[in-house]
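Engineer: fold the following.
(3 chains)
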Amino acid sequence: MRFKLPLLAIGLEVAMIVLFALFVHYETDHNVHQQINTTTPGAVDKFLVSYALFQDVHVMIFVGFGFLMTFLKKYGFSSVGINLFIAALGLQWGTLIRGILHHHNQEIHVEIENMINADFSTATVLISFGAVLGKISPIQMLIMTIIEITVFIGNEYLVGEIFKASDIGASMTIHAFGAYFGLAAAGILYRPGLRKEHDNEESVYHSDLFAMIGTLFLWIFWPSFNSAIADAGEKQYRAIINTYFSLAACVVTAYAFSSLVEHRGKLDMVHIQNATLAGGVAVGTCADMEIYPYISMIIGSIAAMVSVLGFKFLTPFFATKLRIHDTCGVHNLHGLPGVVGGLAGIGAVALGASNKSTPAMQAAALGSSIGTAVGGGLITGLILKLPIWGQPPDQNCYDDSVYWEVPRLREHDNHFYEHGGQNQLKLEV
Amino acid sequence: MRFKLPLLAIGLEVAMIVLFALFVHYETDHNVHQQINTTTPGAVDKFLVSYALFQDVHVMIFVGFGFLMTFLKKYGFSSVGINLFIAALGLQWGTLIRGILHHHNQEIHVEIENMINADFSTATVLISFGAVLGKISPIQMLIMTIIEITVFIGNEYLVGEIFKASDIGASMTIHAFGAYFGLAAAGILYRPGLRKEHDNEESVYHSDLFAMIGTLFLWIFWPSFNSAIADAGEKQYRAIINTYFSLAACVVTAYAFSSLVEHRGKLDMVHIQNATLAGGVAVGTCADMEIYPYISMIIGSIAAMVSVLGFKFLTPFFATKLRIHDTCGVHNLHGLPGVVGGLAGIGAVALGASNKSTPAMQAAALGSSIGTAVGGGLITGLILKLPIWGQPPDQNCYDDSVYWEVPRLREHDNHFYEHGGQNQLKLEV
Amino acid sequence: MRFKLPLLAIGLEVAMIVLFALFVHYETDHNVHQQINTTTPGAVDKFLVSYALFQDVHVMIFVGFGFLMTFLKKYGFSSVGINLFIAALGLQWGTLIRGILHHHNQEIHVEIENMINADFSTATVLISFGAVLGKISPIQMLIMTIIEITVFIGNEYLVGEIFKASDIGASMTIHAFGAYFGLAAAGILYRPGLRKEHDNEESVYHSDLFAMIGTLFLWIFWPSFNSAIADAGEKQYRAIINTYFSLAACVVTAYAFSSLVEHRGKLDMVHIQNATLAGGVAVGTCADMEIYPYISMIIGSIAAMVSVLGFKFLTPFFATKLRIHDTCGVHNLHGLPGVVGGLAGIGAVALGASNKSTPAMQAAALGSSIGTAVGGGLITGLILKLPIWGQPPDQNCYDDSVYWEVPRLREHDNHFYEHGGQNQLKLEV
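Structural biologist: As a prediction, this is how the structure comes out:
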């Protein structure tokens, strides 16, 4: 184990550099260059306006996904740290694979839109990461990153270029795909030893607050996620508006259902951290269509319901009956709401909200996204199951200290010193 | 209690969806559409530029206000969670009420500016939330949200459309209004049982650091708050510059006064978390006027002074003598600095820094903001006092566990296991 | 001590206000005003587009640097709090000094670019702060702020206006400068009493997570830092792209080397928090040049390597042999990568990637940045060594409670009450 991770990472990075040297160039066309010498009053570089949207997405990927997963009491370093690692690796790989597939000549010209799409491609892996969180090693995550992004870009090409389906916020191609890919892998990697409640698989008070940092930045910038690569003008405007209202309705409904399903009517942090975001996922496919704000709100509300009920009833069922253990509940945040989004897209296209696609093509896109995800996830799971990747033993799951130097003290506790400290001294005496 | 919150929330969300279906439409005019087919080099969609400002405000509302209130050791879930809940509800309600009042025909056309104003309207409730934090139930907050936003939009209409007063950063209409509304409600809801220091009403080390996340994002993006709906060009530019320098001066003065009023010269986290922001509040009314940067800095410094002194002397006085308990000290962060802002606005207009308003109209705006706030707050307090809203008993105040599932452990403490753990074993043996 | 900090701070703020009254005016030229009445479709205020970049930098300065330093278990208030204090002071001072030096007439006209440069000038002090973190008083920091920013602006003028060297992301003028200034001061302020490991000089689990907030926001927005004041068009575009890929490669290499140098192959949080950012520093000088993305990735990878190796081998060597104790390891994050950046710049210019400068001038810029930094740092260290600035005694280093009111409890620990609590009771009985 000692040298596997560093050597694999260095090897991949060297390969990446070589491939970039061969294929990746600056953008040289008019989008960037046209206005350098313009004297038009009020003219600005278009790429700077896209760049602001990119930065919103960038915050979601690195702070949003990273902190969302810090809810486990002993797995915060891995959550936010491995998130950074695989996203940084994945965005390079995504740039390459997507560039090679989409640009038919030898050269990939990098624009802001490529950066947005590179970040998007890492999102699929980060979603799948949530399903296997705490149960696999950094090396396993690295392998999953390379495979999953490749499959993702293949399916995305199929959906966008062959089916010509609409999925502007990627409900199907990113969210449902990432969730079912992760669940399939988690199913293969299922370990009976983790069936009963694991000591480490719980939050502490402040780890739940760290997770809320992730939730809030995801929630806030989701309208940018759903509009970042939309067509300029009306469509981009609608993607923002629809997502904004879908998310607002989603929050209210998520709180209501969280309280409703808990037998004493209390709120559950797991629901608040996750189900409040389901509206952003579910409105994704039809975010740029003319669906009207109230329909967005209905979609957001349905997503919240489905998500909370999923956490309450489906996740335990999956873990015990289907032998699929989903650490973060990505099925409820990305899987089911992604399917809701795909279905809403079929409906919206059927009702004429978009003239770009047909219901059949939308259905094909949903089917293909789930199908390739499950297929890819199963194969990836089998590869990851090989006993050479340093998978943590059952008792060390959800514990940073397997892969990280962890501080001697978890929390410095004055209280402990003040009160407990003396007792200890007495005891030791 | 069991079903009151979920049913009320679901009922409100359904009502919201119906009202949106009836009234809310996409913007269809030229602002969004004109440049779709433009071939002007460097032309971009204006709404995307406004959207960047909106996102700054959005971060302030959800991360800024949310985390600012997490300073209490056992009330972090409610602070950041109820903040999200009422802001998500409030922005829908604010969109509707403001739309109905400002658009005289049947339709509300949603632009980015509506989203900014919707977020603004939630800020008033979040400020008032600070005054009653820990002492009321989520249902009570929900009721306050609906009432306060309605009153706020009424007063804002009065100030802007009838008095034609200037208040670009909403020192009066949001900050002073939110503070005095909350204080009036807190006065009515005063409970003698909470008079003496409550065990839960204190911070711990890391809860104070969580609160600094809120402080910093509010501080950073405040120039966007004060300029988001300013007139394009000079005025918007000045609103940014003035707020930037007001806040910088405010920080230096707040540190100085925090150290000055403490008998050993130490800094107090409460001042740093709050008084450093007072400059953003106080420069709000005249932020877009030609007041020169150094005047902004004087306003920021005065606000810092007033705020620190308020925390030191006024808050205890209010709690013991006036029977108004202000959990977060919103009077010192929003109330007094808001009044300073209103007075600065009167002065600036009198000195000719704006030709849009008159000193008398500015004074009327300040009076009306405080008056409607106190009136609205008193009535709201009386409604919230009805013993049917699940208000927490005295001993459970400032404690998440009344309304939230709280992790079994607060902080996982390795230290405890390492040292204390063995002792326990010995004891148990 | 009691009144020194407040009086000094108030005195400085008053001086600042007077100087602003004398020198600082609004920008009145066409950049701001030209398009107010424009009817060009799609025309927007240019300053708003720059303002979005400014806000990214602003987040880096206040949240990024502030939280990055919160890793110490008992020094979080000072890290994030003194960071805010000196940055707020420094940006006012930086605006003045830079304005006076660069504008040859009496007036300083403040544009968004001045705000970006003011924020930049504070970055140097915040970097130096990292070298002396925990060992000096707020008053000492305040003095260092005033001196360092003055020297920085002098050197920056030399580099940019006299040598006409390229350093768009300020690898030399900010990063190397800030690091060597801080190290020189730390060398003078060296205290043998701190030689052996200090009890407080360690992290706890959650303080390391707080630090990751800083790391991630720095990492995310670094492309904005390196491009914020670049020439519009191609150069600004390249500064974004190059920094994005340099940072991505840097992360992968930093993880690899962190695992490689640790004898059990584990990851070290110190490396992850810092070395992942070295690629942003090192690509700074040539970020806007035509170096191709793969060269950026090579620069980022080299920076990561140098940084991790620096943490592992150089920092202990500096502390024990050179008697320079570098609390945050700024030498490894800013010093060495800054030098790498300077050297890369010389190479890039030599290879013709820029026609703006010559290799000799680039070398002069690197030499001057390090030279003035060391000189300025030594003198500042001597001034700070005067025994009148309230420097904390050895045993109170790295402890907020010297300068801050600190909560009675560090972390409220339910667990302690549940399990330990009873034991205590038994013991006390």
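Engineer: now the angle between helix C:205-227 and whichever strand or helix holds A:Leu216, please.
Structural biologist: According to DSSP states H and E, A:Leu216 maps onto helix A:205-227. Between helix A:205-227 and helix C:205-227, the angle comes out at 30 degrees (axes from the mean of the first three to the mean of the last three CA atoms, to 10 degrees).
Engineer: from the chain's centre, how far out does helix A:205-227 sit?
Structural biologist: 12 Å (CA atoms, centre = their mean, to the nearest Å).
Engineer: check whether that helix comes near chain B.
Structural biologist: Yes: residues of helix A:205-227 contacting chain B under CB under 8 Å from any CB of the partner chain: A:205-209, A:212-213, A:216-217, A:219-221, A:224. To be clear about C-beta, it is placed using only N, CA and C from the backbone, and glycine gets the same treatment.
Engineer: could you list the low-confidence segments of the stretch 251-400 of chain A?
Structural biologist: For the stretch 251-400 of chain A, no stretch has pLDDT under 70.
Engineer: tell me the residues of it that contact chain B?
Structural biologist: Selection of the stretch 251-400 of chain A residues close to chain B by CB under 8 Å from any CB yields A:251-253, A:255-257, A:259-260, A:262, A:264-269, A:272, A:276, A:290, A:292-294, A:297-298, A:301.
Engineer: related to what we said a few turns ago, can you point out the buried residues in the helix holding A:Leu216?
Structural biologist: A:205-227 (16 or more other CB atoms under 10 Å in any protein chain shown).
Engineer: kindly report the same for stretch A:351-368.
Structural biologist: Residues of stretch A:351-368 classed as buried: A:Ala353, A:Ser354, A:Ser357, A:Thr358, A:Met361, A:Gln362, A:Ala363, A:Ala364, A:Ala365, A:Leu366, A:Ser368 (neighbour count, 16+ other CB under 10 Å).
Engineer: now A:Ile220: how far from A:Ile213?
Structural biologist: 11 Å (CB to CB, to the nearest Å).
Engineer: identify the contacts common to those two.
Structural biologist: Common neighbours of A:Ile220 and A:Ile213 (criterion: CB atoms under 8 Å, 6 or more residues apart in numbering or on different chains): B:Val63.
Engineer: buried subset of the residues of the stretch 251-400 of chain A next to chain B, written for PyMOL?
Structural biologist: To isolate the buried members of those in PyMOL, using 16+ other CB under 10 Å:
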select buried, chain A and resi 251+252+253+255+256+257+259+260+262+265+266+267+268+269+272+276+290+292+293+294+297+298+301
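Engineer: for chain B, what's the nearest residue on chain A?
Structural biologist: Closest approach between chain A and chain B, counting by CB to the nearest CB: A:Ala43, at 2.6 Å.
Engineer: the residues of the stretch 251-400 of chain A next to chain B in helices, which ones?
Structural biologist: If you go by DSSP state H, these have A:251-253, A:255-257, A:259-260, A:269, A:272, A:293-294, A:297-298, A:301 in helices.
Engineer: name the nearest of those residues relative to C:Thr327.
Structural biologist: Of all these, A:Met269 has the smallest distance to C:Thr327: 35.1 Å, by CB to CB.
Engineer: confidence score at the residue nearest in space to the middle of chain A?
Structural biologist: Central residue of chain A (CA atoms, centre = their mean): A:Ile127, 3.6 Å from the mean position. The predicted structure scores A:Ile127 at 98 on the pLDDT scale.
Engineer: cool, thanks, signing off.
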